[in-house]
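S.K.: would you be able to build a 3D model of this:
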Amino acid sequence: LVCGGCSAAGASTCPKHGAEAIEHKCKFCCSVASWYCWGTTHFCDSCHKKQGTPESMSRKPRNQLPQCTPETCPLKIPHPPNG
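M.R.: Got it, this is the predicted structure:
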């Protein structure tokens, strides 16, 4: 995750913290990603384990993915909707 200001601007690096400190958010939930697959998609471990099963997160419509609010998000930073 880049810092809130850079994240809101859609930046992939932070001028203050650089690229080394970046953690990425899972595309499908509000957890920190630990997997990068298909050259495009960041997954947390839980969502990655669901791939290839009937619970596959990448096959769910966006409205069936977990969503948060600024008050309930465990990441506590602004970010685009999951999916």
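S.K.: where do the helices sit along the protein?
M.R.: For the chain, applying DSSP state H gives helices covering 4-8, 45-50.
S.K.: the longest one - contacts with which helices or strands?
M.R.: Secondary structure elements in contact with helix 45-50, counted by 3 or more CB pairs under 8 Å, 6 or more residues apart in numbering; DSSP states H and E, are strand 35-37. C-beta here means a position set from N, CA and C on the backbone, and glycine is covered the same way.
S.K.: neighbouring contacts of the strand it packs on?
M.R.: 24, 42, 43, 44, 45, 48, 51 (CB atoms under 8 Å, 6 or more residues apart in numbering).
S.K.: mean pLDDT lowest for which of the helices of the chain?
M.R.: Among the helices of the chain, helix 4-8 carries the lowest mean pLDDT, a mean of 51.
S.K.: what stretches of this protein score poorly on pLDDT?
M.R.: 1-14, 20-21 (pLDDT under 70).
S.K.: 80 instead?
M.R.: 1-22 (pLDDT under 80).
S.K.: which residues touch the nearest residue to residue 41 once chain neighbours are set aside?
M.R.: Ranked by CB to CB, 6 or more residues apart in numbering and with sequence neighbours excluded, the top spatial neighbour of residue 41 is residue 27, at 5.3 Å. Counting by CB under 8 Å, 6+ apart, residue 27 touches 33, 41, 42, 43, 47, 57, 82, 83.
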